[in-house]
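Enquirer: Sharing a model prediction with you, sequence too.
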Amino acid sequence: MKSILVLSSVVALAAAGTIDITKYPPLDQQAPPIPGINASYDFSKVPAIPVKGWNAAGGYAICPSTADAISWCSLPCAQGSGCDATRKDIISSCPTKGDWAMTFDDGPSNNTVPLLDLLDKLNLKATFCLVGSRVVERPDLVQRMFDSGHQLCVHTWSHRVLPTMTSDVVISELEYCARAIQDITGTRPTYMRPPTGDTDDRVRGISAAMGFKTLLWDHDTFDWEGVSLYPNALWPQWIQNNFTQWIKDPSLTKGPISLEHDVYTMPAAAALLTVPLVNQAGFKIKTAGECLSDMRVYQNQSYLLPPSGVAGGKLTVSTASASSAPAPGASATAGANKPSSSSRIAPASFVAAIVAAVAALVF
């Protein structure tokens, strides 16, 4: 699919690697409500669904009754009920067999760099669902992703489970992440991914009012579980084995959207094995937007994607100027819904070995 460029005027993008972090909440803390934000969107169609409970001891959302879960299409509580098939705003697979959208969550981080290097070498494009707190930490990587033609996706400011949040917090979690991406790239994503895949009609209604489509997945590596449950020596092989089974699955009638994580050291290293595996199996690796034939994956762009069709992979963008987030108001609640940074560490020698093995395999 070739890219079609529609340019009305050209404006300069934000300088790569720069962002004013004083406009944003503290890293990894719940985003405070943004005063006056409701005037920017029409939330009149958002259904009045109760906030999910939260089991603090177990660290998980409490499901509503089965009837309510199905009625509100509360996922993953209603998984398997078929309610997601009745919601046009839920995307979990590519419609065309043979396509494959590889998606990576929770970054960017230093662990993302080897993955970007590999994708560049293979001339492949992926989708990165970015946490706002990581975005402001590594604006240089966000700019690199965008310039290389990868699709950027909103994954909230602090990785909160959105149905457990009040609506004003859901709005601010999405808005701060989207603004951070826009401040760096000049573009605002059209796709969002709810942390842990937890969503319902209220959260999706808010997202839709803000111009976001909900991107889920149908092939989960569960690579994040290996942070604490699996020995380092088994981890990459375990993830690779998942993909080996998936690419041979005769029941595939659509293109997979797979979920991996590039924020953690070991899953990011394992991705260096899974990307060549899918590519060499003959699947067409695409961004989520490209596999859906959706060429407008940014809300304020005047060009059409995929950017991989642009000569040299560089984009010339005509867009509205990047918005600025107001200074945070009330103090934020501490504690992100994710493992601590200490759980992301793996032996450097092991990761180096993985990188060397992949280099010998594909370069």
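Expert: Nice, thanks for sending it over.
Enquirer: Just confirm His219 contacts Gly255, I think it does.
Expert: No - when contacts are counted by Cβ atoms under 8 Å, His219 is not listed as touching Gly255 (10.1 Å). Glycine gets a C-beta too; all of them are placed from N, C-alpha and C.
Enquirer: From Gln240, how far out is the nearest residue to Thr253 once chain neighbours are set aside?
Expert: Using Cβ to Cβ, 6 or more residues apart in numbering and skipping residues adjacent in sequence, the residue nearest Thr253 is Lys97, 6.0 Å away. According to Cβ to Cβ, to the nearest Å, Lys97 and Gln240 sit 22 Å apart.
Enquirer: for the record, mean pLDDT for the longest strand seen in the chain?
Expert: In the chain, with assignment by DSSP state E, the single longest strand is strand 99-105. Strand 99-105 shows a mean pLDDT of 97.
Enquirer: Check stretch 182-195 too.
Expert: 95.
Enquirer: picking up where we left off before, between Lys97 and Gln240, which one's more packed in?
Expert: For Lys97 versus Gln240, neighbours defined as other Cβ atoms under 10 Å are more numerous around Gln240 (17 against 12).
Enquirer: mind listing what the closest residue to Pro194 other than its chain neighbours touches?
Expert: Once flanking residues are discounted, Pro194 sits nearest to Leu162: 5.1 Å by Cβ to Cβ, 6+ apart. The contact partners of Leu162, taken as Cβ atoms under 8 Å, 6 or more residues apart in numbering, are 156, 170, 173, 194-195, 198-199, 203.
Enquirer: can you list these in CSV and add distance to Gln79?
Expert: Conversion of the contacts of Leu162 to CSV gives the following (distance: Cβ to Cβ, whole Å):
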residue, distance to Gln79
Thr156, 21
Val170, 21
Glu173, 23
Pro194, 14
Pro195, 16
Asp198, 11
Thr199, 11
Val203, 16
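Enquirer: Of these, which belong to strands?
Expert: Assigned to strands by DSSP E, none of the contacts of Leu162 qualify.
Enquirer: okay, now the domains of this structure?
Expert: Taking automatic domain parsing as the reference, the chain has its domains at 55-86, 89-314+344-362.
Enquirer: buried sites along the shortest one?
Expert: Neighbour counts over domain 55-86 (16 or more other Cβ atoms under 10 Å) mark 60-61, 63-64, 69-75, 77-78, 81, 83-84 as buried.
Enquirer: from these, which two are the most distant?
Expert: Farthest-apart pair in the buried residues of domain 55-86 is Tyr60 and Ser71; separation 21.0 Å (Cβ to Cβ).
Enquirer: where along this protein do the strands fall?
Expert: Assigned by DSSP E, the strands in the chain fall at 53-55, 60-62, 90-91, 99-105, 127-130, 151-154, 191-192, 213-215, 219-220, 257-261, 284-286.
Enquirer: what stretches of the stretch 101-250 of the chain score poorly on pLDDT?
Expert: The model of the stretch 101-250 of the chain has pLDDT under 70 over residues 226-236.
Enquirer: CA atoms of the longest helix seen in the chain as PDB?
Expert: The longest helix of the chain (DSSP state H) is helix 167-185. In PDB, the C-alpha atoms belonging to helix 167-185 read as follows (Å, rounded to 0.1, in the frame of the first residue of the first chain):
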ATOM      1  CA  SER A 167     -14.400   9.800  34.500                       C
ATOM      2  CA  ASP A 168     -12.400  13.000  35.100                       C
ATOM      3  CA  VAL A 169      -9.300  10.900  35.900                       C
ATOM      4  CA  VAL A 170      -9.800   8.700  32.800                       C
ATOM      5  CA  ILE A 171      -9.900  11.900  30.700                       C
ATOM      6  CA  SER A 172      -6.800  13.300  32.200                       C
ATOM      7  CA  GLU A 173      -4.900  10.000  32.000                       C
ATOM      8  CA  LEU A 174      -5.600   9.900  28.200                       C
ATOM      9  CA  GLU A 175      -5.200  13.700  27.600                       C
ATOM     10  CA  TYR A 176      -1.800  14.100  29.300                       C
ATOM     11  CA  CYS A 177      -0.400  11.100  27.300                       C
ATOM     12  CA  ALA A 178      -1.800  12.400  24.000                       C
ATOM     13  CA  ARG A 179      -0.500  15.900  24.700                       C
ATOM     14  CA  ALA A 180       3.000  14.600  25.500                       C
ATOM     15  CA  ILE A 181       3.200  12.700  22.200                       C
ATOM     16  CA  GLN A 182       1.800  15.800  20.400                       C
ATOM     17  CA  ASP A 183       4.300  18.100  22.000                       C
ATOM     18  CA  ILE A 184       7.100  16.000  20.700                       C
ATOM     19  CA  THR A 185       5.900  14.900  17.300                       C
END
